[in-house]
Structure formats: C-alpha cells, structure tokens
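Novice: have a look; sequence and predicted model below, questions after that.
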Amino acid sequence: MKGRLDARFFGMPRDNFDWALFLTASALAVIGVVNLYSATSVSRAALSEIYIQQVYWLVLGGILGAVVAVIDYRHYERLGYLLYGIGIVFLVLLVTTLALVLFAYPRSVGPGNGSRVEIDIGDTNASDLAETLKKAGLIDNPKAFTWYVRLTGGTSSIVKGHHLLTDDASPREIMHRLERRDASRAKIVIPEGWTRFDIAKRLDAAHVCTARSFLDATTSDKLLAELKIPPPSADGYLFPATYDLELDSDPRDLVKQMVHNFDKKYEALESKHEPGLKDLSDSVAWGRREIVILASIVEKEAAVDDERPIVASVFLNRLRDPSFTPKRLQSDPTAGYGCLVVTTSACTSYVGKITHEINADPDNPYSTYTHDGLPPGPIGNPGAKSIEAVMSPALTHYFYFVAKGGGRHTFSETLGSHNAAVHDEK
C-alpha cells in the first residue's frame, strides 16, 4: 500500500509488533512508576528541581507521542495510534526515572545537619546497606538508595570496616566515602612530642577517622608485627609532620603512612651518626627501640633545639655512670604518659598536670621515679632533632637540670648545685 510502512518489522508481523510494543511499554511503565516513587522521595532541598525535570520530560514525551500519531495516522488504525503514543510516553517516563535516580537523587542533601556518624560495614548488598544507613540516620529513603546503588555498580567496591560519615552527605558522597574514592582531603599537622592519643583526637575532629579506630590500629598486634614495631603500641614511630589525608581513611593506612615516614627519617639519621650509634651499642647495648624511647623523653623535656643534646646527655650519664644510683631518670612526663595507658589510684585524678603522687606511684610502670632505666615504651612521638640528640649527645658530666624560664634549663653536675638551682628558681 502506498505510503504504508513495511508490513513486517524485524520478521514480526506489524500488528504483532504493535502488541509487543504495548506490553513492553506497560511493563516498563510499572517499573518506571515504582522507581519514580522511590526517586522523588528525597530531601526537601531536591524535590522542586526533581519535579520540574519530571514535568519537562512528560511534556516532551507527549509531544513525541503526538508526532508519531500524526505521522502514522493515515496508515494505522486507532489502536495502533494509541499504542505508539502510549509506548513513547512510558519510555520517556522510564528515562525520566533513570535520570532522577542517577543524576538528581545522588546529589540531594542528607537528612541531617552535619553530625558525625560512625558505622561498621561488612559483607552487604544494596538493600541491606540502605537499611543500615537509614537506621544510622544517613538517608531517609532506603528504596531510592537501593536503586541508586544497583544502577551504579552495586556494593562490590565498598571497603569493609569502620567508617566515619556525616548525616548531611549526599548519597553520592556516602558511596564515595564507603568506597574510599574521590574523597575530600584535610591537612593534618602532627607536632613533635604528641602521643597517639593526641593524634587520634585531631584525626577525629577533622573527620579523617575516629579516635577509637585509630587507637585500635596503633595497638594491633598484627599491624605492629607487620611494621616491625615492638609492643605495646606505635607511639614513638608515628613521625611528626604535616600529612595530606583523605576523610574517612582506613586508620591502618594512616599508621602505616606515619611509620613509613619515620623509617625514612630514621634511616637517614642512622647513616649520619654511625659513630654515635656504635657508642650506644657498646656502652649500654642500645638499638633503635631504646633510642626512640629516650628521644621521646628528650622531646618532652627540651623546648629549645640547642639543649636537646645536653638533656640527652643527662639521662645517658645517669644510666652509664656506675656511681649514679639508683638508675632512675626522674622525668615527670614519663609518669604522665603512664596515666594515659594504665589505671592506678594515683592516676584517677590526672587531667594533664603531673603531681608528686603520680611520680611516686609504684604501680605506674612508666614512672621513672619508681622504676630504674627506661620506661616500657616511648612516651610520645619525637621529631628528628630529638632522635639526633640521642644518637649524638653532648659530652657533659651533668646529672641534673631544672627549668629556669623561657624554655631553657640550668644544668648541674652535683645534687647540691642542683638543689641550689632549684631554690633560686622558686
């Protein structure tokens, strides 16, 4: 028939193809309506934009349907005309729904006001993940989130473990955080002398990771063995520096990064101070562990760089000289650190100020007033200058020092002169 399209379409009679298209369009319409209901139930901030987009798409669908109807009007019965018009509208509806799920919904603002939320993610699928996030207050429509995850690759790329999120994050930001990709970053400054507890608080405040997860990583037997760090913790080996870190980072990776930085710095200092290292090995049988412990004490006691080698010499003189007994370093910061890691009666009131009771506590294994030699481990994370001071200490006969203001100290060779200096400073 003149002007009529081919009677067969892809081998199928034209009438049968019309019915097939109608049934397909109907099925797609059902899916589209379900998806549309989920996709439009998002935060208030995104609703107006979504509905405007929906109206545009439906108007376009109606126009396309009308165009098809006009073109085929003379050659098709009314049923065929309706089928093609309805099919076009429902197909456009499906495209609209996909556009909402894939473009509008992922950028919608979360239900909260920026509060921090901690969650643990294990093996999961899209629907279970959505329910977990709903219970945590991170999303307000699990159906929409489920379809978004399914249409963008599922949950196979999610990193298992502990995550730190905020309840105002968009669905897209949440998935990127959970997959740890394209994450926002933060500059984190770790000053010399800080403990792992100090570092944990700063990382937590910057949303890099939670304090609890970082502290757990610093005492992980498996991780310490991997990094060749002696127990009880990674303190002493978390090198002070400025780090550019991703938000919601794996705390184990953070510990590794800081320890690897320490390893590089320490190796450079080793090659520079070989004679000093040999002297320490020969005189007190020290290796890296002991050097780091004393360096952490020097870092806490010395405020100016030119005094670091002198402070190191005081402690080494006490340990080396056979006439100095008992072999106690008598450093206040060691007892203070002990209150952070052990529970004793003297430490119950500790809030940062070290008292005589804390120093004199025999149950505090870190107190160098009640225990000979070095404490069980480093009491902080020393910088390169404090490590270098222990590797190459000043040659002195000092056994004592007392603060005299301005970050400086008065050093003494005898207890009598030290007591006089203490009296003068009162």
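Specialist: Right, received. Where do you want to start? No experiment lies behind these values; they were computed from the predicted model shown. Residues are numbered from 1 along each chain as shown.
Novice: for Thr396, which non-adjacent residue is closest in space?
Specialist: Nearest non-adjacent residue to Thr396, counting by C-beta to C-beta, 6 or more residues apart in numbering: Ser313, 4.5 Å away. Just so you know, the C-beta spots here come from the backbone N, C-alpha and C atoms, and that holds for glycine as well.
Novice: so this protein: which segments form each domain?
Specialist: As assigned by automatic domain parsing, the chain contains the domains 8-107, 116-179, 185-267, 286-425.
Novice: pLDDT at the residue nearest to Thr396, what is it?
Specialist: Ser313 is assigned 98 on the pLDDT scale.
Novice: remind me which helix or strand it belongs to.
Specialist: Secondary structure from DSSP states H and E places Ser313 in helix 308-320.
Novice: what does Arg202 give?
Specialist: helix 196-205.
Novice: what does Lys264 give?
Specialist: helix 251-272.
Novice: residues in contact with Glu290?
Specialist: Leu280, Val284, Leu374 (C-beta atoms under 8 Å, 6 or more residues apart in numbering).
Novice: can you list contacts of stretch 265-279?
Specialist: Outside stretch 265-279, the residues that touch it by C-beta under 8 Å, 6+ apart are Phe239, Arg288, Ile291, Ala384, Ile387, Glu388, Met391, Ser392, Pro393.
Novice: in CSV: these, plus distance to Pro191 and secondary structure.
Specialist: Shown next, in CSV, are these (distance: C-beta to C-beta, whole Å; DSSP: H, G, I helix; E, B strand; the rest coil):
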residue, distance to Pro191, secondary structure
Phe239, 11, coil
Arg288, 22, helix
Ile291, 21, helix
Ala384, 13, helix
Ile387, 15, helix
Glu388, 17, helix
Met391, 21, helix
Ser392, 23, coil
Pro393, 23, coil
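Novice: which one of those residues sits closest to Ile199?
Specialist: Checking the contacts of stretch 265-279 against Ile199 by C-beta to C-beta gives Phe239 as the nearest, at 10.7 Å.
Novice: pretty sure that closest one is touching Val255, no?
Specialist: No. Using C-beta atoms under 8 Å, Phe239 is not in contact with Val255; the gap is 11.0 Å.
Novice: more neighbours: the two, which one.
Specialist: A direct count of neighbours by other C-beta atoms under 10 Å for Phe239 and Val255 places Val255 higher, at 26 against 23.
Novice: helix, strand or coil for the closest residue to the more buried one other than its chain neighbours?
Specialist: Take Val255 and drop its neighbours on the chain: the residue closest to it by C-beta to C-beta, 6+ apart is Ala217, 4.9 Å away. Following DSSP: H, G, I helix; E, B strand; the rest coil, the label given to Ala217 is helix.
Novice: count the neighbours of Ala217 for me.
Specialist: Other residues close to Ala217 by other C-beta under 10 Å number 24.
Novice: can you check Val311 too?
Specialist: Using other C-beta under 10 Å, Val311 is surrounded by 29 other residues.
Novice: name the nearest residue to it, ignoring sequence neighbours.
Specialist: Spatial nearest neighbour of Val311, chain neighbours left out: Ala302 (4.5 Å); criterion: C-beta to C-beta, 6+ apart.
Novice: so what pLDDT did the one you found get?
Specialist: As predicted, Ala302 sits at a pLDDT of 97.
Novice: residue contacts, it?
Specialist: Residues near Ala302 by C-beta under 8 Å, 6+ apart: Arg308, Val311, Ser386, Ala389, His409.
Novice: want to throw those into JSON lines with distance to Ser115?
Specialist: Shown next, in JSON lines, are the contacts of Ala302 (distance: C-beta to C-beta, whole Å):
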{"residue": "Arg308", "distance to Ser115": "43"}
{"residue": "Val311", "distance to Ser115": "45"}
{"residue": "Ser386", "distance to Ser115": "39"}
{"residue": "Ala389", "distance to Ser115": "45"}
{"residue": "His409", "distance to Ser115": "46"}
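Novice: from the residues you listed, pick the one nearest Tyr105.
Specialist: Lowest distance from Tyr105 to the contacts of Ala302 (C-beta to C-beta) belongs to Ser386, with 53.0 Å.
Novice: number of nearby residues for the closest one?
Specialist: Counted with other C-beta under 10 Å, Ser386 comes out at 29.
Novice: go ahead and confirm it touches Ile293.
Specialist: No. If you go by C-beta under 8 Å, Ser386 and Ile293 don't touch, sitting 11.3 Å apart.
Novice: tell me which element Gly276 falls in.
Specialist: Per DSSP H and E, Gly276 falls inside helix 274-284.
Novice: could you give me the buried positions within that helix?
Specialist: Residues of helix 274-284 classed as buried: Gly276, Leu277, Asp279, Leu280 (neighbour count, 16 or more other C-beta atoms under 10 Å).
Novice: quick one: that helix to chain centroid distance?
Specialist: Put simply, helix 274-284 sits 39 Å off its chain's centre (C-alpha atoms, centre = their mean, to the nearest Å).
Novice: now that helix and helix 308-320, what's the angle there?
Specialist: 30 degrees (axes from the mean of the first three to the mean of the last three C-alpha atoms, to 10 degrees).
Novice: pLDDT score for Lys228?
Specialist: Confidence at Lys228, expressed as pLDDT, is 96.
Novice: got it, and the one 5 residues further on?
Specialist: Taken from the predicted model, the pLDDT recorded for Ser233 is 97.
Novice: next, the contact list for it, please.
Specialist: Neighbouring residues of Ser233 by C-beta under 8 Å, 6+ apart: Arg196, Thr218, Thr219, Leu224, Val341, Gly377.
Novice: A helix includes the fourth one, no?
Specialist: Looking back up the chat, that one is Leu224. Yes. With three-state DSSP as the criterion, Leu224 is part of a helix.
Novice: tell me the buried residues in stretch 321-341?
Specialist: Result for stretch 321-341 [16+ other C-beta under 10 Å]: buried residues 328-339, 341.
Novice: so can I have CSV of those showing distance to Arg212 and secondary structure?
Specialist: Listed next are the buried residues of stretch 321-341 as CSV, based on distance: C-beta to C-beta, whole Å; three-state DSSP:
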residue, distance to Arg212, secondary structure
Arg328, 35, coil
Leu329, 32, coil
Gln330, 34, coil
Ser331, 29, coil
Asp332, 28, helix
Pro333, 25, helix
Thr334, 25, helix
Ala335, 25, helix
Gly336, 22, helix
Tyr337, 19, helix
Gly338, 21, helix
Cys339, 19, helix
Val341, 15, helix
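Novice: ok, so of these, who is nearest Asn359?
Specialist: Ala335 (4.8 Å).
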